[in-house]
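Visitor: Quick one, structure for this:
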Amino acid sequence: MGVVLKELKRRPEAEACFEAVVRLRPNCALAHGNLAGMLYEQGKLDAAIVMYQKALAIEPAFPEAYNNLGNALREAGRYDEAIACYSACIQLQYSKAVQQAQLQPDLAAAAAVAGIPGVSAAAASVAAAAAGGGLMGGLAAMAASRPPQQLLPPAVAQRVSVAYNNLGGILKMTGQAVAAIACYEQVVLLQPDSPEGHANLASACKDAARHDVAIQSYRRALALRPDFPEAFANFVHSLQCVCDWSDRPALFARLEQEIRRDLAAGRLPSVQPFHAMAYPFTADLALAISVKYAEHCSLAAVRLNLPKLPHPPAVKLQPGERLRVGYVSSDFGNHPLSHLMGSVFGLHDRSRVEVFCYGLSPSDGSEWRCRIEAEAEHFMDVSSWSVADIAHRMSQDGLHIGVNLNGYTKGARNEIFALWPAPVQTSYMGFPATTGAPFLPYLITDKVVAPPQLHHCYSEKLALMPNCYFVNDYKRCHRDVLNKAALPRRGEFGLPDDKIIFSCSNQLYKYDPDTFKTWCNILKRVPDSVLWLLRFPPYGEQNIRMQAAAHGVDPNRIIFTDVAHKDLHIRRSGLADVFLDTPLCNAHTTGCDVLWGGCPMVTLPMERMASRVAASLAYASGLGPEMVVNSQQEYEDRAVLLGTNRILREQLRARLEAVRLACPLFDTEGWVRDLEKVYFRMWDIHLEGKGPRSFEVR
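Guide: Numbers count the residues shown, from 1 in each chain. Model (predicted):
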């Protein structure tokens, strides 16, 4: 009866039936497993976890229960425990396969030839290694002890593949891409005709920056299943990452068609908002993608079935009472966000603002993580906490304002904000685009990035900073750049001393064919020049050189260098004469790097947020009119002018170097005071009880 009710989606009645079975058969592991599954489907994660654990206490050799318990633990944010459960599931499946092989003479002989006396010890090492940090060794041991594919009946191979997929997924999600690859390789060995297996392997390879292997695996997945939207979307993104622009118009036309089809059907689009940010999409399509992802986060939060979290009362702060602001991020560490915001958390006026930082990732031991932990008034590593527990803690801390520093970037846990742990919530910095999220009703930006005629690009109410919204910490942390005598020389990086050097140190995914064609035109019009680019990633270099040749430019005029440590990267940024920005998705952190290094840029702002940040940086330096252009042709002409007019070029560099210590762009302390004005204004608007509204701080 319970199974029938479950199929009919009558979940509470099904739960009651399964509870009755458990009472009648308290020693039946399957009964406990069925009840646990029903609890899981209703979002009752804690109860489901307890029930799966009871099933396993009754029957320890219950692989399906381990797999399902892993799913529940994963959703509860208990990742290490989930990894151990998936590993145990795999071990049990293999153990059973070996036991069955030993009961059959022909299979036992095959196992003996393969050198497989059993897999228990090897598989058990995976669970132990997962907890101890040596997961790769455990996976390697299990792979070495794996029964050959022919020893596993298809049904068993399928179940083992499911567990490997789940294990690979959580490893990938927690940043262990290489270990995830090892899991997905097992899947494609067990199920070589599985398009999902090849797509998952490709995705892990992509995360590990192995775009060459990723593209091959995506091609295999699409050959097995041509109508595979997720694989196709990631295939297109992988091509974009290495500047493989063959068939680009047709690929993007198909991609847009599939996105609109998904949206019309109410499905989550295959293109992620962070990828859409750099694609040639209209503002309305990019917004629709974000809206659908926000709905997905809201649904996930609803599934947690939590009561409404308490907030501090909407009353005016009393004398001596401080505004409590909570920052949430997975990027407190060696990441561009921390490179830029490292001192912000400690610069807040402690007499007026109480700062809480919630770290969604464990400490990487970097100087940036250590600094933020030391300087923020309150820092909590919540990387092992569940979404519900993090939201509860934020609510208990009595936050007035919650700041989401991730948006739709890697490591984000936006479900936290969907639970509304603070009465006022805003998106800032991490995701330079609209979130489309009702639970993030504010976006902190500025008038250059979001002028009135472009407000339609955003779902949020806009909190406009008086200067550039994009903060940096360079005047405090990179003053060595000001000492010209100590800066590196061009020859150290294979750059010629006697040439005009145009540069772009943006990641290659930000490039597009029209911009690169313009760069080639610039090189042809400035014959005594070269173009300096980053191997970011390395697999795009050959494609770029081929494109240059196709546009009539000697590929040897393109000089690639490797990605460098942050300090060296900033110190060498000033070696170029002119930085050429990418219009679809600008230099953001990189823009700060080159301007602090004294290198002028040419940037073309377009419509959406990610395409206008560099213009905001330029205007905050005080030299916007000299570096911001209005068309592709003006972009080309301005770069050529700077490349051919030495006096003009040197004057612009001298002016940029002269204003670095005084302009708003690099005034971090002044920027923090302006940000505090934004927060207090948000709270004042909240007290009015009329909902968020856009405003400008002057």
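Visitor: drop to CA atoms for contacts and neighbour counts, all remaining ones
Guide: Noted.
Visitor: With only the CA atoms kept, save stretch 403-417 in CSV.
Guide: Extracted in CSV, the C-alpha atoms of stretch 403-417 (Å, rounded to 0.1, in the frame of the first residue of the first chain):
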residue,chain,number,x,y,z
VAL,A,403,25.6,40.1,2.1
ASN,A,404,25.9,37.3,-0.5
LEU,A,405,29.4,37.5,-2.0
ASN,A,406,29.0,34.4,-4.2
GLY,A,407,25.9,34.7,-6.4
TYR,A,408,26.0,31.9,-9.0
THR,A,409,29.7,31.2,-8.6
LYS,A,410,31.5,28.0,-7.6
GLY,A,411,31.0,27.0,-4.0
ALA,A,412,27.8,29.1,-3.6
ARG,A,413,25.1,28.0,-1.3
ASN,A,414,22.3,30.4,-2.2
GLU,A,415,19.7,28.3,-0.4
ILE,A,416,21.0,30.0,2.8
PHE,A,417,19.6,33.3,1.6
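Visitor: Now that stretch: average pLDDT?
Guide: The average of the pLDDT scores along stretch 403-417 is 97.
Visitor: got it, and stretch 528-544?
Guide: 97.
Visitor: Wasn't residue 675 part of a helix?
Guide: Yes. Residue 675 sits within a helix when classified using DSSP: H, G, I helix; E, B strand; the rest coil.
Visitor: In terms of helices and strands, where is the closest residue to residue 304 other than its chain neighbours?
Guide: The spatial neighbour of residue 304 that comes closest, neighbours along the chain excluded (C-alpha to C-alpha, 6 or more residues apart in numbering), is residue 43 at 5.1 Å. Under the criterion DSSP states H and E, no helix or strand holds residue 43.
Visitor: Could you do residue 657 as well?
Guide: helix 646-659.
Visitor: can you check residue 169 too?
Guide: Residue 169 is part of helix 154-173 when elements are defined by DSSP H and E.
Visitor: Give me the contacts around stretch 647-660.
Guide: If you take C-alpha atoms under 8 Å, 6 or more residues apart in numbering as the criterion, stretch 647-660 is touched by 577, 595-600, 621-623, 626, 642-643, 666.
Visitor: Any of these buried? List them.
Guide: 577, 595-600, 621-623, 642-643, 666 (16 or more other C-alpha atoms under 10 Å).
Visitor: which pair in the contacts of stretch 647-660 spans the largest distance?
Guide: 643 and 666 (26.4 Å; C-alpha to C-alpha).
Visitor: if we can go back for a sec, residue 310: which of the contacts of stretch 647-660 is nearest?
Guide: Nearest to residue 310 among these, with distances taken as C-alpha to C-alpha, is residue 666, at 38.4 Å.
Visitor: who are the neighbours in contact with the closest one?
Guide: So residue 666 contacts 471, 472, 473, 474, 475, 621, 660 (C-alpha under 8 Å, 6+ apart).
Visitor: Then residue 368?
Guide: 332, 333, 334, 338, 339, 342.
Visitor: likewise residue 450?
Guide: Counting by C-alpha under 8 Å, 6+ apart, residue 450 touches residue 609.
Visitor: doesn't it fall inside a helix?
Guide: No. Using three-state DSSP, the assignment for residue 450 is coil, not a helix.
Visitor: just use 30 as the starting number from now, easier for me
Guide: Let's use 30 as the start, then, which means that last one is residue 479.
Visitor: Identify the residues contacting the helix or strand where residue 420 lies?
Guide: Assessed by DSSP H and E, residue 420 sits inside helix 416-425. Helix 416-425 is contacted by residues 105-106, 333, 335, 338-340, 355, 411, 442, 444-446, 448-451 when judged by C-alpha under 8 Å, 6+ apart.
Visitor: again, only this time at 7 Å
Guide: Contacts to helix 416-425, defined as C-alpha atoms under 7 Å, 6 or more residues apart in numbering, come from residues 105, 106, 338, 339, 340, 411, 444, 445, 448, 450, 451.
Visitor: Provide a ChimeraX selection command restricted to the buried entries of the contacts of residue 695.
Guide: Buried residues within the contacts of residue 695, by 16+ other C-alpha under 10 Å, are selected in ChimeraX with:
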select :500,501,502,503,504,650,689
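Visitor: out of the contacts of residue 695, who's nearest residue 54?
Guide: Using C-alpha to C-alpha, residue 500 comes nearest to residue 54 of these, at 62.0 Å.
Visitor: sec struct for the closest one, please.
Guide: Applying three-state DSSP: residue 500 is coil.
Visitor: With residue 707 instead?
Guide: The three-state label given to residue 707 by three-state DSSP is helix.
Visitor: where exactly do the helices run in the stretch 580-727 of the chain?
Guide: Chain-ordered helices for the stretch 580-727 of the chain, with DSSP state H, counting those that start in this stretch as the definition, fall at 595-602, 618-625, 642-649, 653-656, 661-673, 675-688, 697-717.
Visitor: Report all helices and strands that the second one contacts.
Guide: In this case it means helix 618-625. helix 595-602 (3 or more C-alpha pairs under 7 Å, 6 or more residues apart in numbering; DSSP states H and E).
Visitor: would you list every one of the helices in the stretch 80-229 of the chain?
Guide: 92-104, 108-132, 134-143, 149-161, 164-173, 183-202, 206-219, 224-236.
Visitor: State the number of residues packed around residue 393.
Guide: 12 (other C-alpha atoms under 10 Å).
Visitor: and if you look at residue 60?
Guide: 21.
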